Structure formats: C-alpha cells, structure tokens
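Chemist: turn this into a structure:
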Amino acid sequence: MSDTAAAAVIPDSIDAPERGLWRDVWHQFRHHKGAMAGVFIFAAILFIVIFGPMIYTVDPTHIDVKARNAWPSLAHPMGTDNIGRDIFAAIMQGGRISLAVGITAMLLSLFVGTTVGVLAGYFRRLDGPLMRITDLFLALPILPLLLVVIMLFRDTLRATFGPETGIFFLIVFIIGITSWMQTARIVRGDVLALKEREFVLAARSVGAPAHRIILRHVLPNILSPIMVSATLGVANAIITESALSFLGLGFPSDFPTWGRLLFDGATFMTLTPSRVIWPGLAISLTVLSVNYIGDGLRDALDPRIRGR
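Modeler: Numbering: from 1, shown residues only. The predicted structure is shown next:
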C-alpha cells in the first residue's frame, strides 16, 4: 500500500465516532435472546398485575358459592376456589403484593450489601470485622432463622401495624437482612481493585475526603455488579416470600400472595389442579424472566464480552 493510500485510510479510522458505554451495553443486551424474552415476559406480568384489575374488574374477595371449584371458563378464566372466589383476580392482586415484597426487599438488601461492601473494600481497618460479620450471616441456616423470627415477632407487629402491614414489614425486613451477603462480597472485591486506580489515587493526592471519593469515583464504577445483584435479588425475594407463605407463615388468607395461593390450593390439588398451576406458573415465569434479565445485564456489562 502506498503512503498516499495509507494516509487516506488512517484519518477515516481516527475520525470514526466511538459508541458510548451505555450504547454498547444496550447493543450487547438486545442481542441476548434470553434477556429480551425476559424483558418481554416481565413487562407483560407487570402490566397484568398493575393494570389488569382496571380491565378485569371482578372482586377477588367476592364469594359465589354456586361457582365454587369451577374449572376455567369465560366467566372465570382461571377457575374459582373452594368458596367461589375468582382465581384470576386473586392472581393479579397477589402479584402486586409478591412483586412489592420482592422489589422492596431487594432495595433493602442492595443498600445493606453495597454499604458493607464499599466500607470493607475502601477502609482497611473495617475490612476484617465487616467480612467476619458477612461470613457469620452466610453460615446461618436462613430458612430456619426466618421461621423463628416470624414466629417471635409476627403477633407483635400485627398488633402494632395491622395484620397486612405488619407482616409486610416483617417479611421485607427479614428477607432483606438475610440476603445482602453476596452483594457485599462482590462490591468489596470491585472496590479493592478500584481504590488503586489512577483516578482514585489522584483524588486522594489533592486531599479529597473519603466520602466524596466514594460517591463520585467509586460508586459510579461499581454500578454493573450492583445492577446484576438487583435483578437476582428480586427473584430470590419472591421465592423466599412464596416459600414462607406456602408454609403458612406469610400473609393472611384474605390478603393473598402467589405463595399463599399455592398454600391454599394444595389441599384441593386433586380436585382443581388449576389452583396450584396458575400461581406456580406466575412465580416460575417471574423468577425465570428476572434471572434472564440479570444474565443479559451481566454479559452486557462485562467488557470482555461486550466488544464481541
């Protein structure tokens, strides 16, 4: 190739506009078929549980004794329970509660895990004590611990805040406070690597306080693992709440969640299998879609994969 031709090629490659980080992330994410399917399914579930009751206006607490244990029909798309309540209306109402528990518990878990991880990774004197506390929580048998805590504080919180609000606060708190450990360990590892980078050392050298360095330089660069942990945290919280409700330790029967619907329908599973199929399908689709979204985010935010 002649010098003239090389000179003509080089400026074109230099002047070519570079895509931004988030555009690269979106480009990688939308080519992840599982993640896009997860987004579509999760968006459909959100639409149904939020706007569905405005379209399908059947009261989930309405009792129609003549239609009890009915199979799916035009009047009752998912059938009815043993006292004639509409299962589709209960699924939509229960979805609101289950998703509210999952998202709120995830936010609490994310806040605790990120705080512990950042403090342990940035401040060497706090690393040992905080990581030992993290190891202690990891060593605890989570499900038996949850059962004991609920049995001890359920009646007190119900008397203070009411049967629904009290058990909501209790379940959100115990799920959030027992699921932050993995986030803390991931965030700590990233902070340990980041605090030795040139831009952090430069901020230290000019006398920037620690809290400003953490807020302006460290946290924006660890958003990737935090976002992935958030998606997986929602799925974990929904499964835990469903397990507690299935064991009869969750919300009261007149305040249904997907797990509570499973618990109530297990007795009549041979008579009307749809009573356990529909809430089980809702839980499975929600957890699967959120996990696929998290998988897509992990791949899209990984610089080793993003450029492929």
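
Chemist: which SSE is the residue nearest the centre of the chain in?
Modeler: Geometric centre of the chain, nearest residue: residue 234, 1.5 Å, by Cα atoms, centre = their mean. In this structure, residue 234 sits in helix 223-246 according to DSSP states H and E.

Chemist: next, the angle from the helix or strand just after that helix to helix 223-246.
Modeler: Next in sequence after helix 223-246, counting helices and strands by DSSP H and E, comes helix 258-266. Angle of helix 258-266 versus helix 223-246, following axes from the mean of the first three to the mean of the last three Cα atoms, to 10 degrees, is 30 degrees.

Chemist: next SSE after helix 258-266?
Modeler: Following helix 258-266 in sequence, per DSSP H and E, is helix 274-301.

Chemist: output the contacting helices and strands for that following helix.
Modeler: Helices and strands touching helix 274-301, by 3 or more Cβ pairs under 8 Å, 6 or more residues apart in numbering; DSSP states H and E, are helix 21-30, helix 33-55, helix 87-122, helix 223-246, helix 258-266, helix 303-306. Where you see a C-beta, it was placed from the backbone N, CA and C, and this is true even at glycine.

Chemist: go with 6 Å
Modeler: Here helix 274-301 touches helix 21-30, helix 33-55, helix 87-122, helix 223-246, helix 258-266, going by 3 or more Cβ pairs under 6 Å, 6 or more residues apart in numbering; DSSP states H and E.

Chemist: in JSON lines: those helices, plus distance to residue 301 and mean pLDDT.
Modeler: Shown next, in JSON lines, are the helices and strands packed on helix 274-301 (distance: least, Cβ to Cβ, whole Å; pLDDT from 0 to 100):
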{"stretch": "helix 21-30", "distance to residue 301": "6", "mean pLDDT": "74"}
{"stretch": "helix 33-55", "distance to residue 301": "12", "mean pLDDT": "91"}
{"stretch": "helix 87-122", "distance to residue 301": "16", "mean pLDDT": "90"}
{"stretch": "helix 223-246", "distance to residue 301": "4", "mean pLDDT": "84"}
{"stretch": "helix 258-266", "distance to residue 301": "30", "mean pLDDT": "84"}
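
Chemist: now render those helices as CSV, adding distance to residue 62.
Modeler: What follows is those, written out as CSV (distance: least, Cβ to Cβ, whole Å):
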stretch, distance to residue 62
helix 21-30, 43
helix 33-55, 13
helix 87-122, 8
helix 223-246, 22
helix 258-266, 16
